[in-house]
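*Asks:* coordinates only, no sequence provided:
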């Protein structure tokens with residue numbers, strides 16, 4: 001049974017990429033709204049907004065496309081327990097590898113994403129203190145991306161995607177942190 005499923009998947013992927021008549025490049029800058037999953041924390045988690053976007057290559061034709069991206073993502077969370085407020089800010093270089101399926105003017109996309117931690121900063125509101133906390137987090141993050149795009153013109157599109165962090169990024173075994181964020185993008189396909 002496993003061999004049949006694997007063989008079917010290989011044939012499906014081969015049929016997509018043998019139909020790959022087009023290679024296109026694009027950019028899609030946007031904003032990420034994140035709160036993440038942070039346990040245990042008894043206070044209030046507030047959203048953090050930052051840049052999310054980059055460049056991509058799209059390979060394929062009408063039925064389905066493969067899209068590889070390289071993005072710069074600024075995500076984090078604002079934590080408030082009533083007596084103090086701290087903002088945790090992460091900077092990642094993310095590489096999603098997605099399948100894009102078109103339906104008229106709408107594209108649906110999904111696939112895995114790997115992120116490489118570039119920086120982590122903690123800002124404390126009550127004393128305006130900033131600290132580098134990169135060594136408190138793992139150097140990579142794995143996630144799954146779900147999204148959609150609507151074509152405005154032949155080359156311009158609006159996109160929304162949700163990135164679901166699959167791994168605990170905290171190096172502290174008593175604390176669980178997973179990146180989760182929604183990204184809104186305006187893209188241009190060359």
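*Replies:* Done, it's in. Please read all numbers here as calculations on a predicted model, not as lab measurements. Residues are numbered from 1 along each chain as shown.

*Asks:* all strands of this protein, in order?
*Replies:* 22-27, 30-34, 37-39, 44-46, 48-60, 65-80, 85-103, 106-124, 129-132, 140-151, 156-165, 176-178, 180-189 (DSSP state E).

*Asks:* of these, which shows the lowest average pLDDT?
*Replies:* Lowest mean pLDDT within those: strand 37-39, a mean of 77.

*Asks:* so for that one, what gets flagged as buried?
*Replies:* 37, 38 (16 or more other CB atoms under 10 Å). From N, CA and C alone the C-beta is placed, and that goes for glycine too.

*Asks:* ok, now stretch 128-142?
*Replies:* Under 16+ other CB under 10 Å, the buried positions of stretch 128-142 are 136, 137, 141.

*Asks:* adding distance to residue 56, write those out as JSON lines.
*Replies:* Shown next, in JSON lines, are these (distance: CB to CB, whole Å):
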{"residue": "136", "distance to residue 56": "31"}
{"residue": "137", "distance to residue 56": "26"}
{"residue": "141", "distance to residue 56": "19"}
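
*Asks:* let me know the closest of the residues you listed to residue 69.
*Replies:* residue 141 (15.1 Å; CB to CB).

*Asks:* measure the closest one to residue 50 for me?
*Replies:* Per CB to CB, to the nearest Å, residue 141 is found 15 Å from residue 50.

*Asks:* do the same with residue 132
*Replies:* 17 Å.

*Asks:* also residue 186?
*Replies:* 16 Å.

*Asks:* tell me the contacts of residue 144?
*Replies:* Shown in contact with residue 144 (CB atoms under 8 Å, 6 or more residues apart in numbering): 110, 111, 112, 113, 163, 164, 166.

*Asks:* contact partners for the second one?
*Replies:* The contact partners of residue 111, taken as CB under 8 Å, 6+ apart, are 67, 96, 97, 98, 99, 144, 145.

*Asks:* including distance to residue 180, could these go into a markdown table?
*Replies:* Shown next, in a markdown table, are these (distance: CB to CB, whole Å):
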| residue | distance to residue 180 |
| --- | --- |
| 67 | 21 |
| 96 | 15 |
| 97 | 19 |
| 98 | 17 |
| 99 | 21 |
| 144 | 11 |
| 145 | 11 |
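
*Asks:* quick one, what contacts the spatially most central residue of the chain?
*Replies:* Nearest to the mean C-alpha position of the chain, by CA atoms, centre = their mean, lies residue 163 at 4.5 Å. By CB under 8 Å, 6+ apart, the residues touching residue 163 are 113, 143, 144, 145, 179, 180, 181, 182, 183.

*Asks:* and residue 140, by the same measure?
*Replies:* 114, 115, 116, 117.

*Asks:* residue 67 and residue 83, how far apart?
*Replies:* In terms of CB to CB, residue 67 sits 45 Å off from residue 83.

*Asks:* neighbour count: these two, which is higher?
*Replies:* Each of residue 67 and residue 83 has its neighbours counted (other CB atoms under 10 Å); residue 67 has more, 19 against 7.
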